[in-house]
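Chemist: got a sequence here, can you build the structure:
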Amino acid sequence: MFSTSSLAESGAGGAGGSGPDRTKKNGAFGSATRSAELNAVSRFVSAAGRVPDRTAIVVDRGGSVERASYKELSQRAAACALALKRAGLSGGDRVVVMVPVSLDLYAIILSILSIGAVAVFVSPWLDRKHLESAVAEVAAKAYVGSASAQLLRLKSPALRRISVTFTTGRRICGLPARHSLAYRGPGDGQLSGQPVEEHAPALISFTSGSSGVPKGANRTHSVLRGQHEALSAAFPVSDEDVDATMFPVTVLNSLASGVRSVVPKVDFRSTSRFDANGVLRLLTAERATTCALPPPALDALAAAALSRPESPPPIRRILCGGAPVYDRQIPRWTDAFPETEIVIAYGSTEAEPVAHIVAPDRLDAVSDVRPDSPGICVGEPTPSVDVRIIRIYAGPIDLSAAGWPEWEVTRGEIGEIVVAGPHVCRDYFRNPDAVRETKIVEPSGLVWHRMGDTGYIDERGRLWLAGRVHSTIVRNGEAVHPQLLEQAALSANASIARVAAVGLTDESLGQRVVVVLEAGSSDEAADAVRSAVSTSRFPVDDVVVARDPLPLDPRHRSKIDYEALRARLDVDEREKRGASPR
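Modeler: Just a heads-up that it's a prediction; the model follows:
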């Protein structure tokens, strides 16, 4: 998030590239030097000193709007930091944070980072079993929660074992927590960062991921600084910009840049409750010039913009990411925001950004490569990241003396995507099994992250996505990549909302390929899809219309949950055969 170094110093990037100093790309040779400049909060501290009276953040709480200047947010964070230290917290202590998006949340994050402690976030959609596992894994010393989150703490044995507790509201007779971080007005203090080591943990995020098993992505201070530099280079901002984001964590990057952040009220767990008109009004009122959001939110925002008589907000750039973007979505976006540069970004929690492409180039790319089933073009890799395409392999990968040549595929061939760079997470907190499964370590110490996606690099150096590794279908010994079939199916009929390609167990084929259309799709749409996929270069055994809506990931409600869909279809298959589902 917050660095003083230049990305140009970290070596050449690009697809499969090798810079002169690639071993330093994600800190393989880090030192144990401690410095306040290494603290990820240092760039915010600098911005607060440079533009103290500029509005730092505007948060829509639904019915009310909170706002604070850089000076006010710095004072608020400094007061929180003092309270944390008085309660006995110091460098390295893990702090579980369960606070809704608010000024309180960002003041608390900044305060935790400033004292060298570690902010731990657990996704709210994790079930009780996985929440307990995640909290136990980090051995947290402190818990910070809103009033409603204190009730969750009382119900959770793992959370109850945390000794130091804070509420963001007031305390009465020692309840609901031992300490309070309620802000009581500006003080004289301004935030400052304590010295930390380069690779000290800063933020740990537990998400369910594609496997459903939570693992704590360990963003160190160096990773956050590297991410800030990568984002700033790929998507530059000026002092006049106002950045609206629907990804709360990216607010930290804007705060490091000294620009105003606008955070709409969004509940990604229920896209039906997304108030697109309300968001448009907020962006207009705050004069937002840049915006970041996932594809379903941009779909809704574009529909709202096209249906109202007013001109769209004067947004110069929209950054869209977090889920696959299909070609058919883009024309509607550009119609709704004709004066706006729309950029499609690719990355993950562990590596963001990896690549990006502007909307016109994305549409032009389809005609350049494999017009039958080209995949999803995400553009050229960002300069600070190296990308390799390797053989698809299910288990851990140990590089032998032969190195990468025995793993890399030829250019244009589909394989597994792996990346390395200064903003790529090197590990998962206290989870060596996850590290072994998802990381590849060179003898030099350079760590590569396995993105979990399949794809290829074309002759122009652009990265294309073909599917997820764990969703790759193996039919009669041949790999079939879901996104290629899904792209062909969506292009066949505009009425289809969603589609998924899955592999079901088959005695003779190993897996047979089934294309599943969203519930409610017409017979005409199904016939169009059957015709379209029959001419693709991949075999399809069946096209069916789902009885229920396709299951989606709980995080942003924008990606197909292939495991859940496969389980549902397996049950349907057994019922057809007259067997009782297990």
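Chemist: for stretch 296-306, give me every contacting residue.
Modeler: 246, 266, 271, 274, 276-277, 279-280, 293, 312, 318, 320, 323, 329, 332-333, 335-337, 556-558 (CB atoms under 8 Å, 6 or more residues apart in numbering). Quick note: C-beta positions are derived from backbone N, CA and C, even for glycine.
Chemist: can you pull the buried residues of the helix ranked longest in the chain?
Modeler: Scanning the chain for the helix with the most residues, using DSSP state H, yields helix 70-86. Across helix 70-86, burial judged by 16 or more other CB atoms under 10 Å covers 70-81, 83-84.
Chemist: now Val385. Nearest residue, chain neighbours left out?
Modeler: In space, and not counting its chain neighbours, Val385 is closest to Gly421: 3.8 Å by CB to CB, 6 or more residues apart in numbering.
Chemist: dihedrals phi and psi, that neighbour?
Modeler: Here is the backbone geometry of Gly421 (degrees, to the nearest 10): phi 170, psi 170.
Chemist: repeat for Ile204
Modeler: phi -120, psi 120.
Chemist: gap between the strand ranked longest in the chain and the chain center?
Modeler: The longest strand of the chain (DSSP state E) is strand 447-457. How far strand 447-457 lies from its chain's middle: 15 Å, per CA atoms, centre = their mean, to the nearest Å.
Chemist: repeat that for stretch 537-550.
Modeler: Worked out by CA atoms, centre = their mean, stretch 537-550 lies 28 Å from the chain centre.
Chemist: end-to-end on it?
Modeler: 25 Å (CA to CA, to the nearest Å).
Chemist: show me which residues of it are buried.
Modeler: In stretch 537-550, counting by 16+ other CB under 10 Å, buried: 538-540, 543, 545-546, 550.
Chemist: circling back: and the following helix or strand past the longest strand of the chain, what other elements does it pack with?
Modeler: Next along the chain after strand 447-457, taking DSSP states H and E as the criterion, comes strand 463-468. For strand 463-468, the elements it packs on are strand 376-381, strand 447-457, helix 482-492, judged by 3 or more CB pairs under 8 Å, 6 or more residues apart in numbering; DSSP states H and E.
Chemist: so the last one versus strand 463-468, what angle?
Modeler: Put simply, helix 482-492 runs at 100 degrees to strand 463-468, going by axes from the mean of the first three to the mean of the last three CA atoms, to 10 degrees.
Chemist: which strands and helices sit next to helix 482-492?
Modeler: The helices and strands touching helix 482-492, judged by 3+ CB pairs under 8 Å, 6+ apart, are strand 463-468, strand 499-506, strand 510-517, helix 523-534.
Chemist: mind putting these in CSV, mean pLDDT included?
Modeler: Formatted as CSV, the helices and strands packed on helix 482-492 follow (pLDDT from 0 to 100):
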stretch, mean pLDDT
strand 463-468, 94
strand 499-506, 93
strand 510-517, 94
helix 523-534, 89
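Chemist: pLDDT weak spots in the stretch 201-350 of the chain?
Modeler: Residue ranges of the stretch 201-350 of the chain with pLDDT under 70: 208-213, 268-272.
Chemist: which stretches in it count as strands?
Modeler: 201-207, 215-220, 242-245, 260-263, 290-293, 317-320, 341-346 (DSSP state E, counting those that start in this stretch).
Chemist: list the buried residues of the fourth one.
Modeler: Going back to what we said before, that points to strand 260-263. Going by neighbour count (16+ other CB under 10 Å), the buried part of strand 260-263 is 260-263.
Chemist: quick check: closest non-adjacent residue to Pro422.
Modeler: Closest residue to Pro422 apart from its sequence neighbours, by CB to CB, 6+ apart: Gly226 at 3.3 Å.
Chemist: which SSE is immediately downstream of the strand or helix carrying Val120?
Modeler: Element membership for Val120 (DSSP H and E) is strand 118-122. Following strand 118-122 in sequence order, the next helix or strand is helix 128-138 (DSSP H and E).
Chemist: show me how this protein divides into domains.
Modeler: The chain is divided into the following domains under automatic domain parsing: 31-197, 472-576.
Chemist: mind putting those domains into TSV with distance to Leu446?
Modeler: Written out in TSV, the entries for the domains of the chain read as follows (distance: least, CB to CB, whole Å):
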stretch	distance to Leu446
domain 31-197	16
domain 472-576	27
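Chemist: lowest average pLDDT across those domains?
Modeler: Ranked by mean pLDDT, the domains of the chain end with domain 472-576 at the bottom, a mean of 86.
Chemist: about what we covered before: of the contacts of stretch 296-306, which belong to helices?
Modeler: Those of the contacts of stretch 296-306 lying in helices (DSSP H): 276-277, 279-280, 332-333, 335-336.
Chemist: redo these as JSON lines? Include neighbour count and distance to Ala355.
Modeler: What follows is the ones in helices among the contacts of stretch 296-306, written out as JSON lines (neighbours: other CB atoms under 10 Å; distance: CB to CB, whole Å):
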{"residue": "Ala276", "neighbour count": "19", "distance to Ala355": "28"}
{"residue": "Asn277", "neighbour count": "15", "distance to Ala355": "32"}
{"residue": "Val279", "neighbour count": "25", "distance to Ala355": "27"}
{"residue": "Leu280", "neighbour count": "21", "distance to Ala355": "29"}
{"residue": "Arg332", "neighbour count": "15", "distance to Ala355": "23"}
{"residue": "Trp333", "neighbour count": "22", "distance to Ala355": "19"}
{"residue": "Asp335", "neighbour count": "11", "distance to Ala355": "25"}
{"residue": "Ala336", "neighbour count": "21", "distance to Ala355": "24"}
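Chemist: what is the nearest of the residues you listed to Ser148?
Modeler: For the ones in helices among the contacts of stretch 296-306, the residue nearest Ser148 by CB to CB is Val279; the value is 24.0 Å.
Chemist: OK, contacts around the closest one?
Modeler: Neighbours of Val279 in contact, by CB under 8 Å, 6+ apart: 264, 266, 297, 301, 304.
Chemist: what do you get if the cut-off is 7 Å, keeping everything else the same?
Modeler: Neighbouring residues of Val279 by CB atoms under 7 Å, 6 or more residues apart in numbering: 264, 301.
Chemist: also the one 3 residues further on?
Modeler: Leu282 is in contact with 60, 262, 264, counting by CB under 7 Å, 6+ apart.
Chemist: spit out the contact partners of the last one.
Modeler: For Pro264, the contact set (CB under 7 Å, 6+ apart) comprises 60, 244, 246, 279, 282.
Chemist: the first one and Ser146: what is the separation?
Modeler: Yep, that's Asp60 we're talking about. Distance of Asp60 to Ser146, given as CB to CB, to the nearest Å: 17 Å.
Chemist: higher neighbour count, the two?
Modeler: Asp60 (22 against 18; other CB atoms under 10 Å).
Chemist: bridging residues for that one?
Modeler: On the basis of DSSP bridges, Asp60 takes part in beta bridges with Val65.
Chemist: isn't it right up against Lys265?
Modeler: Yes - contact status for Asp60 versus Lys265: in contact at 4.4 Å, counting by CB atoms under 7 Å.
Chemist: now Ser102. Nearest residue, chain neighbours left out?
Modeler: Per CB to CB, 6+ apart, closest to Ser102 is Val59, 5.7 Å.
Chemist: can you tell me which residues contact the one you found?
Modeler: Val59 touches 65-66, 101-103, 263, counting by CB under 7 Å, 6+ apart.
Chemist: max pairwise distance over those: which two?
Modeler: Longest span within those, CB to CB: Val65 and Val101, 12.4 Å.
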